[in-house]
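Trainee: Have a look at this prediction, sequence included:
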Amino acid sequence: MAILQSSTYGKDNVKFLKVKKDPSNPKVHEVMEATVKVLFVGDFDVAYTNADNAPIVPTDTIKNTILVEAKKFDVFPIEGFVAHLGLHFINKYSHVSGVDIEIFQHRWTKYPVNGKIHDHSFVKDGEELRTASLKYKRSGEFVLKSGIKDLTVLKSTGSMFYGFNQCDYTTLKPTTDRILSTDVDSVWEWDSKKIGSLQNVISQARAGLFDSAYKSARETTLNLFALENSASVQATMYNMCEEILRLVPLVSTVSYSLPNKHYFLFDFSWKGLENDNELFYPSPHPNGLIKCTVGREKKAKF
Ligand SMILES: O=c1[nH]c(=O)c2[nH]c(=O)[nH]c2[nH]1
């Protein structure tokens, strides 16, 4: 006896670049390079259990839909586009009961030429991504999240780690001055009760809510990272979450997942040389991995 307990399918790594032209000056552009994943849940069991493809919307059709809708719809900001895609798929296919969509926006930033931001030339200043994800059910329930991924930062002082548990397995020395480096992965979940519906997500996207929250979250991350004399990754990430919750009332939880990318002070004592926190060697592995989610209240999982 075998029972299909769960299934999902769709298209991953659908990529596009969209040029948005300023209507008053068509040489002034913004660009959106994005990678999209769309997965369906629904009435597809016979495809698995009876080799019957009748209900399958081909993943190729899903890819075409993402590209056609990216052409027809304003893809800025990605939270508006993810809501649009969610509504499209649920409205179009009556046997799709839920969609799970992720959009990663690649970082293209206009740069100054002769002191003036150029109209249509961009620099890719790092691997950092802006993210949006949506889980949307036919019932209208949705979970919308925004985030930042792979924002790599390092500070060469202003970070400590002492007072930790000591036992017979401990070799780490307490420090009041170390290098701190991480690849920021931060996600903030929107309060779907307060936002109400995906149509409201699209309205709020047009009104600038998601861009201003992204700006607040990124600035908070970079500012606290720089300004705090960090007691630990744990304490600093909690402070970042708390500040984003304060700045963005429609966000219900903020999560960070931070690798602690170690840089070890090289011991030159054998060479008779001092090392006043000047020469470190990067240790790619193992790395610490520290995660937390901070909310306004205890909340049941979706
Ligand atoms: O900020 C830190 N948190 C830890 O939990 C930890 N553990 C460790 O070895 N170094 C650090 N640093």
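Mentor: Now that the structure is in, tell me what you want to look at.

Trainee: contacts and neighbour counts: CA atoms only from here.
Mentor: OK.

Trainee: OK, contacts around the closest residue to the ligand within the chain?
Mentor: The ligand sits closest to Ser232 of the chain, with a gap of 3.4 Å, by Cα to the nearest ligand atom. Applying Cα atoms under 8 Å, 6 or more residues apart in numbering to Ser232 gives the contacts Ser159, Met160, Phe161.

Trainee: So the last one sits against Thr176, correct?
Mentor: So that's Phe161. Yes: counting by Cα atoms under 8 Å, Phe161 touches Thr176, with 6.3 Å between them.

Trainee: out of these two, which sits in the more crowded spot?
Mentor: Between Phe161 and Thr176, counted using other Cα atoms under 10 Å, Phe161 has the larger neighbour count: 16 against 13.

Trainee: Poorly predicted segments of the protein, please.
Mentor: Scanning the chain for pLDDT under 70 picks out 299-302.

Trainee: Now do the strands in it.
Mentor: Applying DSSP state E to the chain gives strands spanning 9-22, 25-42, 96-106, 109-113, 116-123, 129-137, 142-155, 180-190, 251-260, 263-265, 280-282, 288-295.

Trainee: partners of Lys137 in the sheet?
Mentor: The partner list for Lys137 in beta bridges (DSSP bridges) reads Gly98.

Trainee: Contact partners for it?
Mentor: Ile90, Ser97, Gly98, Val99.

Trainee: Now list the buried members of those.
Mentor: The neighbour count (16 or more other Cα atoms under 10 Å) marks Ile90, Ser97, Gly98, Val99 as buried among those.

Trainee: Now Asn229. Nearest residue, chain neighbours left out?
Mentor: Counting by Cα to Cα, 6 or more residues apart in numbering, Asn229 lies nearest to Gly158, which is 4.6 Å off, once chain neighbours are set aside.

Trainee: follow-up on the earlier one: nearest to Asp168 among the strands of the chain would be which one?
Mentor: Set against Asp168 and scored by Cα to Cα, the strands of the chain come closest in strand 288-295, at 19.9 Å.

Trainee: Let me have the contacts of Lys137 in TSV, extended by distance to Ile3.
Mentor: Formatted as TSV, the contacts of Lys137 follow (distance: Cα to Cα, whole Å):
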residue	distance to Ile3
Ile90	26
Ser97	20
Gly98	21
Val99	22
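
Trainee: can stretch 259-266 be found next to the ligand?
Mentor: No: under the criterion of Cα under 6 Å from any ligand atom, stretch 259-266 makes no contact with the ligand; the nearest approach is 6.8 Å.

Trainee: Can you give me the end-to-end span of that stretch?
Mentor: From its first residue to its last, stretch 259-266 covers 21 Å (Cα to Cα, to the nearest Å).

Trainee: quick one: contacts of it?
Mentor: Contact with stretch 259-266 is made by 179-184, 233, 275, 277-284, 287-290, as judged by Cα under 8 Å, 6+ apart.

Trainee: Contacts only, for Val143.
Mentor: Contacts of Val143 by Cα under 8 Å, 6+ apart are Ser133, Leu134, Lys135, Tyr136, Glu189, Trp190, Ser192, Phe302.

Trainee: and those residues, which are buried?
Mentor: Buried among the contacts of Val143 (16+ other Cα under 10 Å): Ser133, Leu134, Lys135, Tyr136, Glu189, Trp190, Ser192.

Trainee: Which residue comes closest to the fifth one once chain neighbours are left out?
Mentor: Take Glu189 and drop its neighbours on the chain: the residue closest to it by Cα to Cα, 6+ apart is Lys145, 4.3 Å away.

Trainee: Am I right that the one you found is in contact with Lys135?
Mentor: No: look at Lys145 against Lys135 with Cα under 8 Å: they stay out of range, at 9.0 Å.

Trainee: So which bits of the stretch 201-302 of the chain are right by the ligand?
Mentor: Contact residues (Cα under 6 Å from any ligand atom) of the stretch 201-302 of the chain with the ligand: Ser232, Val233.

Trainee: all helices of the stretch 201-302 of the chain, in order?
Mentor: Secondary structure of the stretch 201-302 of the chain, counting by DSSP state H, counting those that start in this stretch: helices at 209-227, 233-247.

Trainee: for the ones you listed, which one sits closest to Tyr256?
Mentor: Among these, the nearest to Tyr256 by Cα to Cα is helix 233-247 (6.6 Å).

Trainee: Can I get the closest one in CSV, CA atoms only?
Mentor: The C-alpha trace of helix 233-247 is given here as CSV (Å, rounded to 0.1, in the frame of the first residue of the first chain):
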residue,chain,number,x,y,z
VAL,A,233,26.2,38.0,17.0
GLN,A,234,23.1,37.0,19.0
ALA,A,235,22.8,40.4,20.8
THR,A,236,23.4,42.4,17.7
MET,A,237,20.9,40.6,15.5
TYR,A,238,18.3,40.9,18.2
ASN,A,239,18.8,44.6,18.3
MET,A,240,18.4,44.8,14.5
CYS,A,241,15.1,42.9,14.7
GLU,A,242,13.8,45.1,17.5
GLU,A,243,14.6,48.3,15.6
ILE,A,244,13.0,47.0,12.3
LEU,A,245,9.8,46.1,14.3
ARG,A,246,9.8,49.6,15.7
LEU,A,247,10.3,51.3,12.3
